[in-house]
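*Asks:* the amino acid sequence is not available; the structure is as follows:
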């Protein structure tokens, strides 16, 4: 179920991931943050610089979900990962693999789930 | 700063009651609270009400006035939402109002209706406690989020799923004589391990149930209690609230809960007590790992150590630090907006001596309640002390 047609900042981030040129917002305090963002979530500074985001990272944790909300029922069981990309971590679904382990290298991408659904962030095992 | 006392408490039976409206649940709990005290309804000066998903479960916003009406009270009424900490926030606001001298008699509580949505619908509704853009859109559910924390914790600190299962076994055992509890049923470690997987490694018996229910506390100032001859032996001596980033992946650590730490420190410092003074605890065990994280966040155990608390017997009713004598969220149930208030109800009864588990803690005078929202993006802690 596609609930939101556009989400400025978020949509552009996904576009960037799809194009292989994802960016994030870096604060001088060292924190990396995702758009839409006016100020750093940690220190409140408005001095955020757009930086290129690594498209590969390390799996920090994962779970395979069997009981989901209605919009993801057709995909169960599916696996959600939290991946450390360096300046920040991201959550996404595992794609093109049955199993994954903490410490595995994965790369981020975006996939479409069909016309009536939102695009989602996914991770694939990196070669 | 004035002293805040608990004059009356009441809660509904927690369980599956899909056809009962939120307003009827709340009204039932209110009546029980008034039956527990001599305060007349017309003395209530404010209503602070916690509810998480009423818009989804009943297409109902603006619940402050709705619930004041259900309570038979005409007073400024506000609904608070902080995911699973909604009830705790409502109670804290009421406590603060009396402490600061703005009121003498305040009604605080919460209610949640969930089973009318069915499992998939309730799962969907619960997920709005997470970050919609960065967590929900990739299919994260609440059990999924806590499963991510569980796996990260076991990987970093060691411990097994069996260790966590003992938390569920303990809380079920504690709830056996509690007629308000969603489950009054013994389970063993095998039952927990063999239960169907919700989001691995969390199975059905490691997760709190989908529960309908309401809980209410009537709080008064010391002055009002003495002037009106109101019995109110339990006082709320400390209150604290803490916050953290909403998305799990934005936390400094996936296995620490600074919101709990901040809320706990604030509450203890208000009450001017040390951790060692605490006799028993009610924590937010929405999933078994949550009890472990809560005990560490509150400082009762060092990080990585609370995993063995239940299996080691320390947090059982006859242990050094009894935890969740009510049955916790796991066995007592978790009607989301009501939970924070129900912890105050249960702790008051435990300290007063009129709870079925009071015998286990007959010498206790000081208890702590801990209520957390989401993956602990928010947390509220209260200290309750009994003056016999």
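*Replies:* All right, it came through fine. Everything numeric in this text was worked out from a predicted model, so none of it was measured.

*Asks:* chain A contacts on the stretch 51-200 of chain B?
*Replies:* For the stretch 51-200 of chain B, the residues in contact with chain A (CB under 8 Å from any CB of the partner chain) are B:119-121, B:123-124, B:127, B:133-141, B:143-144, B:147-149, B:151-152, B:155, B:196-200. Yep, even glycine has a C-beta here, placed from its N, CA and C like the rest.

*Asks:* which element is residue B:215 on?
*Replies:* In this assignment (DSSP states H and E), residue B:215 forms part of strand B:213-221.

*Asks:* list the buried residues of that strand.
*Replies:* Of the residues in strand B:213-221, those with enough neighbours to count as buried (16 or more other CB atoms under 10 Å in any protein chain shown) are B:213-221.

*Asks:* which residue packs closest to residue B:65, ignoring adjacent ones?
*Replies:* Counting by CB to CB, 6 or more residues apart in numbering or on different chains, residue B:77 is the residue found nearest to residue B:65 once chain neighbours are left out, at 5.5 Å.

*Asks:* report the beta-bridge partners for the one you found.
*Replies:* Going by DSSP bridges, residue B:77 is paired in beta bridges with residue B:47.

*Asks:* just the strands in chain A please.
*Replies:* A:23-27, A:32-33, A:48-52, A:56-65, A:78-84, A:89-94, A:105-111, A:120-125 (DSSP state E).

*Asks:* now check the fourth one, is it near chain B?
*Replies:* Yes. Legend: contact between strand A:56-65 and chain B by CB under 8 Å from any CB is shown at A:60-65.

*Asks:* mind putting those residues in CSV, pLDDT and neighbour count included?
*Replies:* Supplementary listing: the residues of strand A:56-65 next to chain B in CSV, determined by pLDDT from 0 to 100; neighbours: other CB atoms under 10 Å in any protein chain shown:
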residue, pLDDT, neighbour count
A:60, 98, 19
A:61, 98, 26
A:62, 98, 24
A:63, 98, 29
A:64, 98, 19
A:65, 98, 26
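
*Asks:* residues of the stretch 201-350 of chain B that sit close to chain A?
*Replies:* By the rule CB under 8 Å from any CB, the part of the stretch 201-350 of chain B lying against chain A is B:201-202, B:245, B:247-250, B:254.

*Asks:* just the closest of these to residue A:7, please.
*Replies:* Ranking those by separation from residue A:7, with CB to CB as the measure, puts residue B:247 on top at 14.8 Å.

*Asks:* next, that closest one: phi, psi?
*Replies:* Recorded main-chain torsions at residue B:247 are phi -80, psi 130, according to degrees, to the nearest 10.

*Asks:* that one and residue B:137 touch, don't they?
*Replies:* No. Proximity of residue B:247 to residue B:137 does not meet the contact threshold set by CB atoms under 8 Å, at 11.3 Å.

*Asks:* between those two, what contacts are shared?
*Replies:* When CB atoms under 8 Å, 6 or more residues apart in numbering or on different chains defines a contact, no residue borders residue B:247 and residue B:137 alike.

*Asks:* pLDDT below threshold where in chain A?
*Replies:* Judged by pLDDT under 70, chain A has its weakly predicted residues at A:1-4.

*Asks:* near chain B, which residues of it are found?
*Replies:* Of all the residues in chain A, those in contact range of chain B (CB under 8 Å from any CB) are A:7, A:10, A:34, A:41, A:60-73, A:75, A:78, A:80, A:82, A:88-93, A:102, A:118, A:120-122.

*Asks:* the same query, at a cut-off of 7 Å, please.
*Replies:* Chain A comes close to chain B at residues A:7, A:10, A:34, A:41, A:60-70, A:72-73, A:75, A:78, A:80, A:82, A:89-93, A:102, A:118, A:120-121, as judged by CB under 7 Å from any CB of the partner chain.

*Asks:* hang on, the earlier thing: report the two of the residues of the stretch 201-350 of chain B next to chain A separated the most.
*Replies:* Taking CB to CB, the two most distant members of those are B:201 and B:245; they sit 23.8 Å apart.

*Asks:* find the nearest non-adjacent residue to residue B:291, please.
*Replies:* Of all residues not flanking residue B:291 in the chain, residue B:285 sits nearest, at 3.9 Å (CB to CB, 6+ apart).

*Asks:* help me confirm that that neighbour comes into contact with residue B:324.
*Replies:* Yes. With contacts defined as CB atoms under 7 Å, residue B:285 counts as touching residue B:324 at a distance of 6.1 Å.

*Asks:* can you check which residues contact both of the two?
*Replies:* B:171, B:291 (CB atoms under 7 Å, 6 or more residues apart in numbering or on different chains).

*Asks:* report the contact partners of residue 66.
*Replies:* In the absence of a named chain, this looks at chain A. Contacts here follow CB under 7 Å, 6+ apart; on that basis residue A:66 touches A:76-77, B:197-199.

*Asks:* if you could check chain B rather than the one you did, that'd help
*Replies:* Applying CB under 7 Å, 6+ apart, the residues near residue B:66 are B:23, B:60.

*Asks:* okay, it and chain A: tell me how far apart.
*Replies:* 26 Å (CB to the nearest CB, to the nearest Å).

*Asks:* report the separation between residue B:71 and residue B:93.
*Replies:* For residue B:71, the distance to residue B:93 (CB to CB, to the nearest Å) stands at 16 Å.

*Asks:* out of those two, which sits in the busier spot?
*Replies:* The residue with more neighbours, out of residue B:71 and residue B:93, is residue B:71; 25 against 20, by other CB atoms under 10 Å in any protein chain shown.

*Asks:* got phi/psi on the more buried one?
*Replies:* Backbone torsions for residue B:71, taken as degrees, to the nearest 10, come to phi -90, psi -10.

*Asks:* residue contacts, it?
*Replies:* By CB under 7 Å, 6+ apart, the contact list for residue B:71 reads B:26-27, B:30, B:47, B:107.

*Asks:* same check on residue B:349?
*Replies:* The contact partners of residue B:349, by CB under 7 Å, 6+ apart, come to B:9, B:355.

*Asks:* which helix or strand contains it?
*Replies:* Element membership for residue B:349, per DSSP H and E: helix B:336-352.

*Asks:* can you give me the end-to-end span of stretch B:294-308?
*Replies:* Distance across stretch B:294-308, first residue to last, is 13 Å (CA to CA, to the nearest Å).

*Asks:* next one: stretch A:97-114
*Replies:* 20 Å.

*Asks:* so what's the gap between that stretch and the chain middle?
*Replies:* Relative to its chain's centre, stretch A:97-114 lies at 10 Å (CA atoms, centre = their mean, to the nearest Å).

*Asks:* residues in contact with that stretch?
*Replies:* A:14, A:17-18, A:55-62, A:79, A:81, A:83, A:90, A:92, A:94-95, A:119-126, B:155.

*Asks:* does residue B:235 have beta-bridge partners, and which?
*Replies:* The partner list for residue B:235 in beta bridges (DSSP bridges) reads residue B:5, residue B:385.

*Asks:* and the pLDDT for it?
*Replies:* Per-residue confidence for residue B:235 comes out at a pLDDT of 98.
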